[in-house]
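> With the sequence up front, the predicted model follows.
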Amino acid sequence: MRIAVLMKDVPDLVEELEVEDGALPLDDMSFVPSEWDDQALEEALLIKEETGADVTVVAIDTGEVDGLMFTALAKGADRAVKLAGGFSRRLANRQRGAVLAQYCQTQGFDLVMTGVQAIDDLDGQIAGWVAGNLEVGHASVVRDVRAGADTVKVVQEYSGGKMAELELPLPAVLGIQAARKPPRYVTVAKVRQLQKTASVETVDVSEPTAPTLSVRKIYKPEAAGHAQMWGDDVDEVSEKIVNLLEDKKLLRS
Amino acid sequence: MALRGWLMAITVALIVVSLGLFLRRLNTIFQVMRKARPARRGDHLGERFKSLFTNVVLHRRMFRITYSGVLHYFIFSGFVVLLIDIVETIGEVFFPGFTVGRILAPLVDIWVILVAIGIVLALYQRIIIRPARFHGSDEKDAYLILGMIGAIITGIVIHDSFYPFVAREVFHVADPVARSHFLGYALSGLWRALGWTGPRAASIGYTVGYLMDLGVVFAFLAYLPYSKHLHIFAAVPNIFVRNLGPKGELVPQPIEDSMAIRTFQDLTWKDIHDLYTCTECGRCQAVCPAYAAGQPLSPKMVILELRDALNERIAWGTVNDPTQPALAGGVVSAAELWACTTCGACQEACPVFIEHVPKIAGMRAALLEDGNVDANAQKVLVSWDRQGNSFGQAARKRSAWAKNIDVPIKDARKEAVDWLWFVGDFAALDPRVQRLTQLIARLLHHAGVDFGILFESEVNAGNEALRLGEYGLFETLAQKNIKALNQAQYRHIFTTDPHSLNALKNEYRKFGFHAEVMHYTEAFLTLIDRGQLAVEPVGLTATYHDPCYLGRWNGITEAPRQLLQRLGVNLVEMPRHGAQSFCCGAGGGRIWMDETGIEDRPANQRIREALALPDVRFFVVACPKDVSMFSASVTAMGVEDRLRVVDMAELLAVAVGLPDVAESDLRSFPNEAGILS
């Protein structure tokens, strides 16, 4: 079985986001691997450990993705492929999906996995766009991936504590919600060693034509209300709580 | 002559067989040591001999527990005197008429008495006192050895008591020292009374004593290398090859490949030697904070588990068999390894200078390489890698504490400063500690000190990354700091954080960084003594907690005490202080790990230790992690009205009379009202 894990890096949200001239100054920001992609990679590596599957990590070269690719190799991925085409970090998700599908089309992967979402893809579009372009089955917000010979079983969670077990024919594209185990740690030394002994393959791809949206304005949300501080007098605070609950009709008499 | 011939034959046979077995076993161990990693321990010969004198002849560490020290000294010195007896006894048989003279002979008897007392004390300790530190030790072996020593000294007295008759009746030589062996001579009175003085009776009696002495001595020699009592031979060389580098330096040389310890070949030869030197005395276990907290770690058991596994693999010829369980996670469990706070109390307590912490850190490295690490600690490792701090905060936030205080703080990267302040993660980013960091800035400003910081170019010093076994990350962090430090211009450098101090002072040497790094207690002591900072006595009674990475690993115990004295603090010491201080439980990355399984937090135990002191209301700390750890304990234990955790910076601020601090709650603390003038 051949598995592709689609990965990317996203702005590190520990940094305060600045808005300059109606846009994010992407060049000044630091980037970290998208945490959901890390989950997808971990799930793929677990499948590799169970079935001996071959895991290829794929990322679009929009800057410095080598770090995350070598980290994936150090964790146990077999190959790392960087898709080059002079792409900028502002590449729209629909275009991303098309670029990734373009490459996957040539490779015949049995299973394509990626993070269910990313901080710059809150709708989780990537898995859907890739599946659509490849014209194969797709399931998202899934976990617990059990790969068989011709099908893959996944668990999808619904509201109200209901779960569904789905079975998809291969090839398929999955948007992974969480891996069965927390993503593994890999030491800095091991990553460095891989940087010396392994290499990231670069594959040139053409920029696909895909309809995109244009951003009109980026701005920080304006505060609508604010918290009220009730002080630290226990009697006073408890009375206020009771009053509030009564006002909201949350107390039974 | 038949008796002499027989005894000579049996003596030669005993020597050949026991020495052969002894050397064969030693050679086996030596071969394992040869295949182990290198360690440089042949330098500083003068200091090494001096160390032998203080730690072998004077028994310095042994006497920290007076009872055990005394009993051990009796038995230990007996072994020296045993050599006189062996020479004399063999000499008597092989060279008729041989004596050791009237001076040495009675020494043997004196020491027989001392050894006998030692054995009685040892038995009393093991049977009646039963110290908890022996838990897990092989007590059968201890009794067997005590029995053998008992047999030897009994044998000495018996053959000495029969020798005058054997000399006269069988060997036909004079025995000028008969009376000098006063114990044997006294006993010979009994044989005279019983009439056992003829050649036959004397020969039998002498042979019994001879075999009880030399027979057991040689049996002992053959048995020793299989027993914990190999320390009789191994302790002296182990003390000789002890680590004389900086105590706080975990890794002496840059590591090319990996610091992971998976097999016995990954240990150094000194590590292997350590295993065979351990006497299972359990002093390390008695001082271990993890053990005291009810966690699965005992430093003694780590050594014993390794030794027993090595012995088993030697017996089965599988030392180099890669299919054997890994040392990390197999022989020594992951839970044991991750419980260590790397406080170093074990190493400080060990009378034979066994180094537990490097072994634990190396085995942690192996676990880490396999991804076996606490989830929270993993997050911190990732934060260090990405943001350069353990809080997962943006690098720019590192100097946020410096805003909103009316103190100009220079950027040491851009302009020369007199004092460079390496702030450290906790002091810079922990909200509970930031106010203290601000106090220090104000104090420096007040003293007119020209100081600066490295702002976002400073990253975590890497002390804990290294102790979690993440050498590569430590190196990355160290190189970033060294780059920033090399770009800065400064005359002195100090840090508020003992953990950073340890890294800067001891772990950066291998990368060529050799500045004299001071702790802030040292820096402020210097400022006061130079007259740059005028202080008024604060006049309160307090106890002081030595941080492990300040007191134990770096020997800085005096400066904080002198500073307290300058500040007019009446210091009441806790029983465990200085290099014998008790860890707060935060070190070695423990502060970020899951606390499941901890029955009694080390910090709580420490607070109880302070609460037991009379009239002590203040618990002075000098480490940002201690501020968090002990404040949390005081709150959790509900003793806020009895004990207040104060940082040295707060005392300094009061003593200096910084505005708005002089009226701080330090003054109004219960029972202390009016004490502050």
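Yes, it's here.
> Excluding chain neighbours, give the residue nearest to whichever residue of the stretch 1-150 of chain B sits closest to chain A in space.
Distances from the stretch 1-150 of chain B to chain A, computed as C-beta to the nearest C-beta, single out B:Arg37 as the nearest residue at 16.4 Å. Backbone N, C-alpha and C define where each C-beta goes, glycine included. For B:Arg37, the nearest residue in space outside its immediate sequence neighbours is B:Thr268; the separation is 4.6 Å by C-beta to C-beta, 6 or more residues apart in numbering or on different chains.
> ok, that neighbour to B:Gly362 distance?
To B:Gly362, B:Thr268 is 9 Å away according to C-beta to C-beta, to the nearest Å.
> When these two are compared, which one has more neighbours?
Residue environment comparison for B:Thr268 versus B:Gly362 gives the larger neighbour count to B:Gly362, 26 against 20, counting by other C-beta atoms under 10 Å in any protein chain shown.
> Go ahead and confirm the residue of the stretch 1-150 of chain B closest to chain A touches B:Gln265.
Yes - B:Arg37 is in contact with B:Gln265 according to C-beta atoms under 8 Å; the separation is 7.3 Å.
> Check which residues of the longest strand along chain A are buried.
Ranked by residue count under DSSP state E, the longest strand found in chain A is strand A:137-147. The neighbour-count check on strand A:137-147 (16 or more other C-beta atoms under 10 Å in any protein chain shown) flags A:Gly137, A:His138, A:Ala139, A:Ser140, A:Val141, A:Val142, A:Arg143, A:Asp144, A:Val145, A:Ala147 as buried.
> Just the mean pLDDT for it, thanks.
In this model, strand A:137-147 carries a mean pLDDT of 95.
> Show me what it pairs with in its sheet, parallel or antiparallel.
Partner strands and pairing direction for strand A:137-147 (DSSP bridges) are strand A:151-157 (antiparallel), strand A:172-178 (parallel).
> closest to A:Ala77 out of those strands?
Smallest distance to A:Ala77 across these (C-beta to C-beta): 14.9 Å, for strand A:172-178.
> So the helix or strand just after that closest one, near chain B or not?
Taking DSSP states H and E as the definition, the helix or strand that follows strand A:172-178 towards the C-terminus is helix A:188-197. Yes - part of helix A:188-197 sits near chain B under the criterion C-beta under 8 Å from any C-beta of the partner chain, namely A:Val188, A:Ala189, A:Lys190, A:Val191, A:Arg192.
> Buried subset of the residues you listed as a ChimeraX selection?
Here is the ChimeraX command that picks out the buried ones among the residues of helix A:188-197 next to chain B, judged by 16+ other C-beta under 10 Å:
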select /A:188,189,190,191
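> Format the residues of helix A:188-197 next to chain B as JSON lines; extra columns: distance to A:Pro169 and pLDDT.
As requested, the residues of helix A:188-197 next to chain B are arranged in JSON lines below (distance: C-beta to C-beta, whole Å; pLDDT from 0 to 100):
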{"residue": "A:Val188", "distance to A:Pro169": "41", "pLDDT": "94"}
{"residue": "A:Ala189", "distance to A:Pro169": "42", "pLDDT": "92"}
{"residue": "A:Lys190", "distance to A:Pro169": "37", "pLDDT": "93"}
{"residue": "A:Val191", "distance to A:Pro169": "36", "pLDDT": "94"}
{"residue": "A:Arg192", "distance to A:Pro169": "41", "pLDDT": "92"}
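> which of the residues of helix A:188-197 next to chain B lies closest to A:Ile218?
Proximity of the residues of helix A:188-197 next to chain B to A:Ile218 (C-beta to C-beta) peaks at A:Val191, which lies at 33.8 Å.
> Look up which residues are beta-bridged to A:Val173.
Listed beta-bridge partners, A:Val173: A:Val112, A:His138 (assigned using DSSP bridges).
> residue contacts, it?
Under the criterion of C-beta atoms under 8 Å, 6 or more residues apart in numbering or on different chains, the contact partners of A:Val173 comprise A:Leu111, A:Val112, A:Met113, A:Thr114, A:Ala127, A:Gly128, A:Val130, A:Ala131, A:Leu134, A:Val136, A:Gly137, A:His138.
> can you count the residues close to residue 30?
Went with chain A since none was named. Summarising burial for A:Ser30: neighbours were counted as other C-beta under 10 Å, giving 13.
> that's the wrong chain, I meant chain B
As a burial measure, B:Phe30 scores 13 neighbours (other C-beta under 10 Å).
> try B:Leu23
Going by other C-beta under 10 Å, the residues that sit close to B:Leu23 add up to 13.
> List phi and psi for it.
Summarising the backbone geometry of B:Leu23 under the convention degrees, to the nearest 10, its torsions are phi -70, psi -30.
> ok so, going back, CSV please, covering the residues of helix A:188-197 next to chain B and showing distance to B:Gly198.
As requested, the residues of helix A:188-197 next to chain B are exported to CSV (distance: C-beta to C-beta, whole Å):
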residue, distance to B:Gly198
A:Val188, 83
A:Ala189, 79
A:Lys190, 81
A:Val191, 86
A:Arg192, 84
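> Which single residue of the stretch 451-600 of chain B ends up nearest chain A?
Each residue of the stretch 451-600 of chain B has a distance to chain A, by C-beta to the nearest C-beta, and the smallest belongs to B:Gly472, at 3.1 Å.
> Next, the buried residues of the host helix or strand of that residue.
B:Gly472 is located in helix B:471-487, with elements delineated by DSSP H and E. Along helix B:471-487, these residues count as buried under the neighbour rule (16+ other C-beta under 10 Å): B:Tyr471, B:Gly472, B:Leu473, B:Phe474, B:Glu475, B:Thr476, B:Leu477, B:Ala478, B:Lys480, B:Asn481, B:Ala484, B:Leu485.
> How far does that helix sit from its chain's centre?
A distance of 29 Å separates the C-alpha centroid of helix B:471-487 from that of its chain, computed with C-alpha atoms, centre = their mean, to the nearest Å.
> ok, residues contacting that helix?
If you take C-beta under 8 Å, 6+ apart as the criterion, helix B:471-487 is touched by A:187-192, B:251, B:254-255, B:258-259, B:365, B:381, B:384-385, B:388, B:413, B:420, B:422, B:454, B:457-463, B:465-466, B:493, B:503-504, B:507-508, B:511-513, B:515.
> quick one: average pLDDT of that helix?
97.
> Now do the same contact list for the closest residue to chain A within the stretch 151-300 of chain B.
Sorted by distance to chain A under C-beta to the nearest C-beta, the residues of the stretch 151-300 of chain B start with B:Ser258, at 6.2 Å. Taking C-beta under 8 Å, 6+ apart, we find B:Ser258 in contact with A:Ala189, B:Ala365, B:Glu369, B:Tyr471.
> how about the residues of the stretch 51-200 of chain A that lie near chain B?
Counting by C-beta under 8 Å from any C-beta, the residues of the stretch 51-200 of chain A lying close to chain B are A:Pro182, A:Arg184, A:Tyr185, A:Val186, A:Thr187, A:Val188, A:Ala189, A:Lys190, A:Val191, A:Arg192.
> Quick check: the second one vs A:Glu42, distance?
I take that to be A:Arg184. A:Arg184 sits 6 Å away from A:Glu42, taking C-beta to C-beta as the criterion.
> buried stuff in the longest helix seen in chain A?
Of all the segments assigned as helix in chain A under DSSP state H, the longest by residue count is helix A:35-51. Residues of helix A:35-51 classed as buried: A:36-48 (neighbour count, 16+ other C-beta under 10 Å).
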